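Enquirer: This is a predicted model, with the sequence first.
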Amino acid sequence: MIPILFIVSILIFFFTHLIPGDPARLVAGKDATLEEVNIIRAELGLDQPIWDQYITYMSNLFQGDLGTSLKTGLPVSEMFADRFMPSIYLTFMSMGWALVLGLLIGTLSAVFKNKWPDYFGMVTAVSGISMPGFWLGLILIQIFSVQLGWFPTGGAESWKSYILPSITLGAGIMSMLARFTRSSLLETLRADFIRTGRAKGLKESVVIPKHALRNSLIPVVTIAGLQFGFLLGGSVVVETVFSFPGMGRLLIDSIAFRDYPVIQAELLLFSIEFILVNLIVDIMYSMLNPKIRYVT
Amino acid sequence: MEKLLQVNQLETQFTKDKQKLKILRGVSFHINKGEVLGLVGESGCGKSLTSLSIMKLFKGTSGEISGGSISFKGEDLTHKTEREMRKIRGKQMAMIFQEPMTSLNPVMKIGEQLLEPIRLHLALNEKQAKEHVIFILKKVGIPRAEEIVYEFPHQLSGGMRQRIMIAMAMSCNPQLLIADEPTTALDVTIQAQILELMKQLQREEGMSVLLITHDLGVVAEMCDRVAVMYAGRVVEEANVFDLFESPQHPYTKGLIGSVPKIGQRKDKLTSIKGNVPDPGNMPKGCKFAPRCNEAMAICLEEEPHATDLGNGRMCSCWMIEEGRKNVYA
């Protein structure tokens, strides 16, 4: 994990600096003279050779200093403080309901293949995937915030503010999980050991969850892990629609301003989160499949 | 002898694209108590489907019994509900399958899988149930049974897994064991061990066995009586000695003739020409007639009836039916 992060830090640093545009000019403002811009550039340390800049950045990083925002002049860690947790909460809420409902719909669709629960489930899944986030978000705001007044239209003040964004974010993921659960379970249900279970005299309500579902979960866990990683990175669209103070919008704003320290810190944080999620997925693989446990 | 299972004119069909396809076209045979009946025939003749029909294991397929009866201990299974069948499956009749590699749940410990039918069918407490698992594992010759229960199927060899399957099937003392090609997927030395084990358990428990196989060597080794199946029907039924001694049906003769014999030098193996007919496109008359060397005009027109040859022998062939008529006429 440490070597990966080291390589990632190099990539992030150099690619960030490859973004065209000059932060010194943006900080100095439109009317600044060339000299003023140069003074600011020196203050920000941007006139140093890029390798020196990287070494300075890394040594600060090891001391727990993520740098200072070029745009706001605030420490990056402070800017993250009030945006990180809302993004985490939103991710868990979206993922939570998407997992529960996705598994349920997928299982019912597979068990009642080509019967009405299957049709109903797959129509739900296709609609979930097809609806773009900004559209679904706006529709939800229109119905539940404006007309019914049940939920606030935006922000992240109380738990109520999280409901609509999490529905918007989770819809696509729930649909994907439902489809993967269905196809994986259908395949498992054809396996020989399912017939063995039935030949023992087991009920379907034991055969399906105990024997079939667990054997079908590996692809589902893979997809869920990937989606979880993406969610942690925040969603620009949903955060914009719900004016939600999350990490996604901060990243876009920072890129627009060439706010190098913020971009770098945020990308590094996403990488750590992604690596952690992948680690958890690997642990879950070994829990689900004893073969993986013994090979490694 | 008392009959344990009597299958009578059993018909099983599948529905595909709204078309009904009859695979079993009136299967009849019986198994006595404590007897091993071999069910033989080429691939695709309906042997496995016969066994699944007896257990009524059709879940997940479009299969259904569309005619005939299955009388088990005097009760007709065809009218039993799924709930009633669950009480019979695993307890009164149990099943072993061809593929030991895939017939066990890969993510469940051996002990846990063995406990399932015991918890379901036997009135034992948890401690007794676990002891019973160890007892039954030792009975099927599993070494270090106390450790194996904590292992997963992939840690065991094919032969060991088949022993586990046998243990699972035997755990609730069934009266009927259905073994669907139990040794086909194993290598020859292991085959012999598994057959030996099955024979020994069958004698000890006085259990009846329906042994499905296409290996006549296995039949000669294991069975008391044999039913030969062709194209969804039993064409000949006889005790094992009579069958090998004087096969009546041309198909049986062909099967026995195509087994290579040690000490008999042959440049070419004999085989039965042609293939098993497609269930959607059955020939008129006797289904074997197009492949039969001795076919007569009537064979192509009408299907022969089962003729009782006495001494528990039965055969469906026009040569026999017509021959009888001539004798009595």
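Expert: On my side now, so go ahead.

Enquirer: Could you report the separation of the residue nearest to residue B:134 when sequence neighbours are not counted from chain A?
Expert: Spatial nearest neighbour of residue B:134, chain neighbours left out: residue B:145 (5.0 Å); criterion: C-beta to C-beta, 6 or more residues apart in numbering or on different chains. In short, each C-beta sits where N, CA and C put it, glycine included. Here the distance between residue B:145 and chain A works out to 19 Å (C-beta to the nearest C-beta, to the nearest Å).

Enquirer: State the number of residues packed around residue B:145.
Expert: As a burial measure, residue B:145 scores 19 neighbours (other C-beta atoms under 10 Å in any protein chain shown).

Enquirer: for it, what are its contacts?
Expert: Counting by C-beta atoms under 8 Å, 6 or more residues apart in numbering or on different chains, residue B:145 touches B:133-134, B:137-138.

Enquirer: Would you agree residue A:207 is in contact with residue A:198?
Expert: Yes. Proximity of residue A:207 to residue A:198 meets the contact threshold set by C-beta atoms under 8 Å, at 6.1 Å.

Enquirer: more neighbours, these two?
Expert: The neighbour count for residue A:207 versus residue A:198, taken as other C-beta under 10 Å, is higher for residue A:198 (25 against 20).

Enquirer: Specify the local secondary structure of the more buried one.
Expert: helix (DSSP: H, G, I helix; E, B strand; the rest coil).

Enquirer: coming back round to it: just the contacts of residue B:145 now: which is nearest residue B:29?
Expert: The closest of these to residue B:29 turns out to be residue B:137 (C-beta to C-beta; 32.9 Å).

Enquirer: that's a helix at that closest one, yeah?
Expert: Yes. Using three-state DSSP, the assignment for residue B:137 is a helix.

Enquirer: How many residues are close by it?
Expert: Number of residues near residue B:137 (other C-beta under 10 Å) recorded here: 24.

Enquirer: Pull the number of nearby residues for the residue of the stretch 51-200 of chain B found nearest chain A.
Expert: Here the residue of the stretch 51-200 of chain B nearest chain A is residue B:90; by C-beta to the nearest C-beta that distance is 3.6 Å. When neighbours are defined as other C-beta under 10 Å, residue B:90 has 27 of them.

Enquirer: what does residue A:41 give?
Expert: Counted with other C-beta under 10 Å, residues neighbouring residue A:41 total 18.

Enquirer: secondary structure element for the spatially most central residue of chain A?
Expert: Centroid-nearest residue in chain A, with C-alpha atoms, centre = their mean: residue A:231, separated by 1.6 Å. Element membership for residue A:231, per DSSP states H and E: helix A:214-232.

Enquirer: ok, is that helix in contact with chain B or not?
Expert: Yes. With C-beta under 8 Å from any C-beta of the partner chain as the criterion, chain B is reached by helix A:214-232 at A:214-215.

Enquirer: With just CA atoms, put that helix into CSV.
Expert: C-alpha atoms of helix A:214-232 as CSV (Å, rounded to 0.1, in the frame of the first residue of the first chain):
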residue,chain,number,x,y,z
ARG,A,214,-23.5,-16.8,-0.8
ASN,A,215,-22.1,-18.5,-3.9
SER,A,216,-23.4,-15.7,-6.1
LEU,A,217,-22.1,-12.7,-4.1
ILE,A,218,-18.5,-12.4,-5.5
PRO,A,219,-19.3,-10.4,-8.6
VAL,A,220,-21.8,-8.4,-6.6
VAL,A,221,-19.2,-7.5,-4.0
THR,A,222,-16.8,-6.4,-6.8
ILE,A,223,-19.3,-4.0,-8.3
ALA,A,224,-20.4,-2.7,-4.9
GLY,A,225,-16.7,-2.0,-3.9
LEU,A,226,-16.0,-0.1,-7.1
GLN,A,227,-19.2,1.9,-6.8
PHE,A,228,-18.4,2.6,-3.1
GLY,A,229,-15.0,4.0,-4.2
PHE,A,230,-16.6,6.3,-6.7
LEU,A,231,-19.1,7.5,-4.3
LEU,A,232,-16.4,8.5,-1.8
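
Enquirer: would you put the C-alpha positions of whichever helix or strand comes after it in PDB?
Expert: The element immediately downstream of helix A:214-232 (helix or strand, assigned by DSSP H and E) is helix A:236-241. Coordinates of each C-alpha in helix A:236-241 appear next as PDB, following Å, rounded to 0.1, in the frame of the first residue of the first chain:
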ATOM      1  CA  VAL A 236     -20.300  16.800  -8.800                       C
ATOM      2  CA  VAL A 237     -23.700  16.500 -10.400                       C
ATOM      3  CA  VAL A 238     -25.700  15.500  -7.300                       C
ATOM      4  CA  GLU A 239     -23.800  17.900  -5.100                       C
ATOM      5  CA  THR A 240     -24.500  20.700  -7.500                       C
ATOM      6  CA  VAL A 241     -28.200  19.900  -7.900                       C
END
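
Enquirer: can you list the residues of the stretch 101-250 of chain A near chain B?
Expert: Within reach of chain B by C-beta under 8 Å from any C-beta, the stretch 101-250 of chain A has these residues: A:189-204, A:210-211, A:214-215.

Enquirer: cutoff 10 Å now
Expert: The stretch 101-250 of chain A comes close to chain B at residues A:111, A:113, A:186, A:188-204, A:206-207, A:210-212, A:214-215, A:217-218, as judged by C-beta under 10 Å from any C-beta of the partner chain.

Enquirer: Sort out which of those residues are buried, if you could.
Expert: Among those, those classed as buried by 16 or more other C-beta atoms under 10 Å in any protein chain shown are A:111, A:186, A:188-189, A:191-202, A:207, A:210-212, A:214-215, A:217-218.

Enquirer: who's in contact with residue 100?
Expert: With no chain named, the answer covers chain A. A:170, A:174, A:177 (C-beta atoms under 10 Å, 6 or more residues apart in numbering or on different chains).

Enquirer: Please refer instead to chain B.
Expert: Residue B:100 touches A:192, B:153, B:156-166, B:182-183, B:185-186, B:190, B:194, counting by C-beta under 10 Å, 6+ apart.

Enquirer: Can I get the buried part of these as one ChimeraX selection?
Expert: The ChimeraX command for the buried members of the contacts of residue B:100 (criterion: 16+ other C-beta under 10 Å) is given here:
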select /A:192 /B:153,156,159,160,161,162,163,164,165,166,182,183,185,186,190,194
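
Enquirer: Show the subsequent helix or strand relative to the helix or strand hosting residue A:120.
Expert: Per DSSP H and E, residue A:120 falls inside helix A:116-130. With elements assigned by DSSP H and E, the helix or strand that comes after helix A:116-130 is helix A:133-140.
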